[in-house]
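Enquirer: Sequence and predicted structure, then a few things I'm wondering about:
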Protein chains: 2
Amino acid sequence: MPNNSYVIDGLQYCRWSDKIFAQMAEGKLDAVHVTIAYWETCREALERIGQWQRLFQRFEPRIMQVRTGDDVRMAHASGRTGVVFGFQNCSPIEDDIDLVQIFHELGVRFMQLSYNNQSLLATGCYETEDPGITRFGRQVIKEMNRVGMVIDMSHSAERSTLEAIEISSRPISITHANPASWEPALRNKSDTVLRALGESGGMLGFSVYPFHLQGKSACTLAEFCQMIESAAELMGIDNIGMGTDMVQDQPVSVVEWMRNGRWTKDMDYGEGSADDAAWPEPVSWLADSRGFPTLRGGLVQHGFNAEEVDKIMGGNWLRFYDASFIPA
Amino acid sequence: MPNNSYVIDGLQYCRWSDKIFAQMAEGKLDAVHVTIAYWETCREALERIGQWQRLFQRFEPRIMQVRTGDDVRMAHASGRTGVVFGFQNCSPIEDDIDLVQIFHELGVRFMQLSYNNQSLLATGCYETEDPGITRFGRQVIKEMNRVGMVIDMSHSAERSTLEAIEISSRPISITHANPASWEPALRNKSDTVLRALGESGGMLGFSVYPFHLQGKSACTLAEFCQMIESAAELMGIDNIGMGTDMVQDQPVSVVEWMRNGRWTKDMDYGEGSADDAAWPEPVSWLADSRGFPTLRGGLVQHGFNAEEVDKIMGGNWLRFYDASFIPA
């Protein structure tokens, strides 16, 4: 691999450990966007950030925090994996717009405006109705644009996503999802959304979470690469990357937290069901970060040229990080 | 006034003091629903409740906490004013359905599902779109029904209000608003909403906040009583009461907090405007609680009979409290 080829994963939410950091090194992963919060409050999100600061201390030879694109280059040069903080929901800012800048100063670079349900800012993909961006949401988008925090609409509903693209003065992201035309999951995105995302300079990260794949866990690498080719035709080769949505070693209690938070006394099964309530089996070809060279091989095999492969594997995310993580 | 005539105010949010408690005694106010929170978090709402507990200690001869209808009778018998806790927003339960029962145990008997803006549960009356009750909202309504906390839709939008009436298994309230057919303020309610509220056994409290009145601060008592007669025809004489929305002695910083919370860096003027940003001048005939006998006189003068006047002044609220404040 030439030295200017980057590997960046647009989302993982593993139970972090020495084992997983070693797998990242083996897969030559230069940067990964990690999930700090699903339903966590401000105080709880600070606790998660504190836990990462302990991990940076403890695993200093393997990982480092990423606040800018150049930090990814530094991680790459020193053989480490850079870690980008992000929220899968706006719960950490609670009702307080001032918390956007505060979390940006702490390194948070992505925030989803909603996670499955209606939030104070936007609608999630599991609500039956989607009224678009709220009054508070419009204020927060302006503030995120100002400080350099990227809007992520991975778990948001259609109209809210289209409005976020339109209202935001800077390109937004869908860090982990696939085209709904390929696999019609509620979490996957319509061609309308993906076209608008591409035209506005935004980024899509492709997910290997089985619920987002045609054929679920049985989806082959060749089929996945074919989907990428179609998405590239729709959105442009410069607006796509990876966002594996990879989970490793998490107990079932974590998926229950992701699905239920504290908002229901009934059990919500999300993309699963009562009979299929636990984590899905990962795809064989990208079950952990050691699979990234396999993925690269699949893209080459499919017929993408070297420049295209570099863009998909991380080059596009790096360019997007350079443009997005600093104040407007 | 016969001993079985009650005076209950469906909402006030004064800067509480010995002066105001003395005015309540002079106006023979038996119970008042007071505002604990607009945008406050759980912790902040607990602080407000703690402040009330200090007031109950300090002003024990004048005020007492009301948790049931019988507590109002006890306040009445002992010449005190009963205080009912309520939230004007769902912010104190944050994202946690378990906080509904916890706040009920602390005496909170009313909670608005949204305050002007979109909340996690429902839509506020100042949003441009109203998608109705959210997934979390449906869960919370069920829980409020279970424990005996009354749904209040005073600051909510039309569709959310109609859905709350329909989804709730117990009658709901609009503690402080007037018919929009009389004064077309965004905060006032359509005949559709008021008819559905009356038919479901719910309660409307009439507001004397000038922004909700035809003619604003110049609205006369006779005009106000005429509006009550029309509302009684629409909703039934058993489903109406007072909810003055009375404010006394609050600094402008409080109205700014009510309008802006922490959700915007711009200034929102709510029902006012940049040129008219402060508190409106109250109506002369009900500027503080000493005006309740004047109001009673106005109702008699208008032609309501003694039984009807008693219902409007507090009898209906007391019956509603009896039915609503205990577990289903």
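Expert: Perfect, thanks for sending it. Residues are numbered from 1 along each chain as shown, chains lettered A, B, ... in the order given.
Enquirer: going forward, measure contacts and count neighbours with C-alpha atoms only.
Expert: OK.
Enquirer: can you map out the helices along the stretch 151-300 of chain A?
Expert: Using DSSP state H, counting those that start in this stretch, the helices of the stretch 151-300 of chain A run over A:158-167, A:191-199, A:221-235, A:252-260, A:292-302.
Enquirer: which stretch in those helices has the least confidence?
Expert: Lowest mean pLDDT within those: helix A:252-260, a mean of 92.
Enquirer: buried set for it?
Expert: A:255-256, A:258-260 (16 or more other Cα atoms under 10 Å in any protein chain shown).
Enquirer: which of these lies closest to chain B?
Expert: Using Cα to the nearest Cα, A:Asn260 comes nearest to chain B of those, at 9.8 Å.
Enquirer: surely that closest one meets A:Met267?
Expert: Yes. Using Cα atoms under 8 Å, A:Asn260 is in contact with A:Met267, at 6.8 Å.
Enquirer: Just to check, A:His76 is in contact with A:Val32?
Expert: No. The criterion here is Cα under 8 Å, and A:His76 misses it with A:Val32 at 11.9 Å.
Enquirer: From the rest of the structure, what touches the helix or strand bottoming out on mean pLDDT in chain A?
Expert: Lowest by mean pLDDT, DSSP states H and E among the helices and strands of chain A is helix A:252-260, with a mean of 92. Helix A:252-260 is touched from outside by A:38-39, A:267-270, A:278-279, with contacts defined as Cα atoms under 8 Å, 6 or more residues apart in numbering or on different chains.
Enquirer: Need the helices of the stretch 151-300 of chain A in JSON lines (columns: distance to A:Arg80).
Expert: Formatted as JSON lines, the helices of the stretch 151-300 of chain A follow (distance: least, Cα to Cα, whole Å):
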{"stretch": "helix A:158-167", "distance to A:Arg80": "33"}
{"stretch": "helix A:191-199", "distance to A:Arg80": "30"}
{"stretch": "helix A:221-235", "distance to A:Arg80": "27"}
{"stretch": "helix A:252-260", "distance to A:Arg80": "27"}
{"stretch": "helix A:292-302", "distance to A:Arg80": "15"}
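Enquirer: Can you say which of those helices is packed in most?
Expert: Comparing those by mean neighbour count (mean count of other Cα atoms under 10 Å in any protein chain shown), helix A:158-167 comes out on top with a mean of 21.
Enquirer: How about it and chain B, any contact?
Expert: No. Contact of helix A:158-167 with chain B (Cα under 8 Å from any Cα of the partner chain) is absent, the minimum separation being 11.7 Å.
Enquirer: which one of the helices of the stretch 151-300 of chain A lies closest to A:Val84?
Expert: Of all these, helix A:292-302 sits nearest to A:Val84, with 18.2 Å by Cα to Cα.
Enquirer: what's in contact with that closest one?
Expert: Applying Cα under 8 Å, 6+ apart, the contact partners of helix A:292-302 are A:7, A:27-29, A:221-222, A:225-226, A:285-286, A:306, A:309, A:313.
Enquirer: how many neighbours does A:Thr43 have?
Expert: Slight slip there: residue A:43 is Arg, not Thr. 12 (other Cα atoms under 10 Å in any protein chain shown).
Enquirer: show me what contacts the nearest residue to it once chain neighbours are set aside?
Expert: Distances taken as Cα to Cα, 6 or more residues apart in numbering or on different chains put A:Pro92 closest to A:Arg43, at 7.6 Å, once the chain neighbours are dropped. By Cα under 8 Å, 6+ apart, the contact list for A:Pro92 reads A:37, A:39-45.
Enquirer: Output these in JSON lines, with secondary structure and pLDDT appended to each entry.
Expert: Shown next, in JSON lines, are the contacts of A:Pro92 (DSSP: H, G, I helix; E, B strand; the rest coil; pLDDT from 0 to 100):
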{"residue": "A:Ala37", "secondary structure": "strand", "pLDDT": "97"}
{"residue": "A:Trp39", "secondary structure": "coil", "pLDDT": "97"}
{"residue": "A:Glu40", "secondary structure": "coil", "pLDDT": "97"}
{"residue": "A:Thr41", "secondary structure": "coil", "pLDDT": "96"}
{"residue": "A:Cys42", "secondary structure": "helix", "pLDDT": "96"}
{"residue": "A:Arg43", "secondary structure": "helix", "pLDDT": "95"}
{"residue": "A:Glu44", "secondary structure": "helix", "pLDDT": "97"}
{"residue": "A:Ala45", "secondary structure": "helix", "pLDDT": "97"}
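Enquirer: so when I look at A:Leu11, I'm seeing a strand, right?
Expert: Yes. A:Leu11: assigned to a strand according to DSSP: H, G, I helix; E, B strand; the rest coil.
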